[in-house]
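**Student:** Below are the sequence and a predicted model; questions follow.
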Amino acid sequence: MTMSTQTHDTPPLYMRLAYAIERQISTGALRVGDRLPSIRKLQREQGVSVSTILQAYFWLENRGCIEAKPQSGFYVRLPHPRTPREPEFRRTSSRPTELGMSKFLVEVVNAANDPANVPFAVSTLRPDMFPNAKLNQIIRKTIQRNPDHSGNYMLPPGYIGLRRQIARRSLALGCSLSPDDILITCGAMEGLNLALRAVARSGDVIAIEGPTYFGVLQVIEWLGMKAIEIPTHPREGMDLEALDSAIKRHDVKACLVMANGHNPLGLVLPDARKRELVELTTRHEIPLIEDDAYGDITFTDVRPKCLKAFDKKELVLTVSSFSKILGGGLRLGWIDAGRYRQQVAELKFINTLASPTLSQMIVAEFIETGGYDRSLRKLRATLSDQVHSIRQAVARFFPDETRVSNPSGGYSLWIELPKNVDAMQFYRAALEHKIGVLPGPIFSASKGFTNFIRLSCGYPLTPDVERAIHTLGGICERQS
């Protein structure tokens, strides 16, 4: 495949070629002792200059990955940099907790959104990774065809054209939804808010994963509810024995989980575990709220099933979003609330009355014309490469004791720092270098994970990003 020309803020051409070769080494396509393609061969195949190829080879040589042999060419010298170990699973006791972190979260979110900082804290993609050109084209056509597009409210459950497209795609989720099952929301956050309000009240206990997305904790806190943190394995998900015990001991009213592309762990729960989780909560008649915001961007050829696929009593409330694929500014998500559909529809009307009409029309057409699936195929491959590259960079530059998650979806890395490193001090030291990261305690109801951070991989490993990781590694070394 010919290397494309450089676009704004993308890595230089020689770096992109070097990354591609480095990935071949890491996957075993090129092994120690193998000869790399000749400069002439690469020039012909990739359509790049000799100087570009030499720059890429010299970069790899300086890394110790390859070596030059006189009159012979370049050869793979060493195995790819060490594969980092994953964070360990720790069983902890759980008790209901009143949350109190909103003030600090405001500080963290403000720092994360500062454009002067390297954006490791922001769970979003670089803007040019979204299908902006195609969406803008659809916007222009929609405005021409429907000049009065936003003249009326698109009241709950929302635009039938979009609900129909979501229902058609539901077979890939492992279930068969009808347009009437679906309600359009202003993103996944509103969907989670509506779901929690439909199934619980102020003072009620909600079982959550530990760690979990900090936005979930924020919603629970503002609704006056309590959270009970269930230990969560980086591969197997929630400790179901601990969940069963918590339900029996603490009158848990609902359970909220991310089964696909977990934020921050990146796990995709195996189908067997999904079934066990649904059966457990169903046995106790506990509503199970499923945050599936990252389900479409897992690194598998087949889209993983949702928890809804195993739901036999309509106790699973599935929430999803288009923000991670098409852009957060569209503010569009959806929810299938099962037996709580009527309550959610009423709450939606009270909460925001309606979701943006134009956004719904645009996304409906984008899905119908095949653009959404084409974008997904490209985005999954891109994110898999980005996560892999940044994970390997962390392994190179951080102390040996560091452990790094190995995501199966999404674009977050959950990093366990050496035991002596305090995540809050690390976070503040990183900000002094204009680098944004998120400290582990904000992902925990009990403010645990004090030596963990989350790193977003929504931006590619450019030289600037690599230098920032090198700086973070130095901070970690000094603090450990």
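**Tutor:** All right, it came through fine. Numbering: from 1, shown residues only.
**Student:** which residues touch Leu192?
**Tutor:** Gly215, Val216, Val219, Leu256, Ile289, Asp291, Val319 (C-beta atoms under 8 Å, 6 or more residues apart in numbering). To be clear about C-beta, it is placed using only N, CA and C from the backbone, and glycine gets the same treatment.
**Student:** My impression was that the last one belongs to a strand - is that right?
**Tutor:** Yes: counting by DSSP: H, G, I helix; E, B strand; the rest coil, one finds Val319 located in a strand.
**Student:** thinking again about what came up before, dump the contacts of Leu192 into JSON lines; add secondary structure as well.
**Tutor:** What follows is these, written out as JSON lines (three-state DSSP):
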{"residue": "Gly215", "secondary structure": "helix"}
{"residue": "Val216", "secondary structure": "helix"}
{"residue": "Val219", "secondary structure": "helix"}
{"residue": "Leu256", "secondary structure": "strand"}
{"residue": "Ile289", "secondary structure": "strand"}
{"residue": "Asp291", "secondary structure": "strand"}
{"residue": "Val319", "secondary structure": "strand"}
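**Student:** Now the two most distant members of those.
**Tutor:** Gly215 and Ile289 (13.0 Å; C-beta to C-beta).
**Student:** These two: which is more packed in?
**Tutor:** Using other C-beta atoms under 10 Å as the criterion, Gly215 and Ile289 rank with Ile289 on top: 31 against 19.
**Student:** what about that one, distance to Val278?
**Tutor:** Here Ile289 is placed at a distance of 12 Å from Val278 (C-beta to C-beta, to the nearest Å).
**Student:** which neighbours do the two share?
**Tutor:** Val316.
**Student:** Can you tell me the SS state at the nearest residue to Arg197 once chain neighbours are set aside?
**Tutor:** With C-beta to C-beta, 6 or more residues apart in numbering as the criterion, Arg197 has its nearest non-adjacent residue at 5.4 Å, and that residue is Leu347. Secondary structure for Leu347, judged by three-state DSSP, is helix.
**Student:** Test my guess that Leu347 contacts Leu196.
**Tutor:** No: with contact defined as C-beta atoms under 8 Å, Leu347 does not reach Leu196; the gap is 9.9 Å.
**Student:** Could you measure from Arg140 over to Pro441?
**Tutor:** 46 Å.
**Student:** Of the two, which one has the most company?
**Tutor:** Set Arg140 next to Pro441 and count neighbours by other C-beta under 10 Å: Pro441 wins out with 21 against 10.
**Student:** From what I see, the more buried one and Thr450 are in contact.
**Tutor:** Yes: assessed by C-beta under 8 Å, Pro441 is found in contact with Thr450 at 6.0 Å.
**Student:** So the residue nearest the centre of the chain versus Leu455, what's the distance?
**Tutor:** Nearest to the geometric centre of the chain sits Gly410, at 3.0 Å (C-alpha atoms, centre = their mean). Going from Gly410 to Leu455 by C-beta to C-beta gives 12 Å.
**Student:** Report the set of residues contacting both of those two.
**Tutor:** By C-beta under 8 Å, 6+ apart, no residue touches both Gly410 and Leu455.
**Student:** So between Leu347 and Leu196, which is more surrounded?
**Tutor:** Taking neighbours as other C-beta under 10 Å, Leu347 and Leu196 compare with Leu196 leading, 25 against 21.
**Student:** contacting residues around that one?
**Tutor:** Taking C-beta under 8 Å, 6+ apart as the test, what Leu196 contacts is Ile206, Val219, Ile220, Leu223, Met225, Ala254, Leu256, Ile289.
**Student:** Spell out the secondary structure type for it.
**Tutor:** helix.
**Student:** And it, how close does it get to Met189?
**Tutor:** For Leu196, the distance to Met189 - C-beta to C-beta - is 11 Å.
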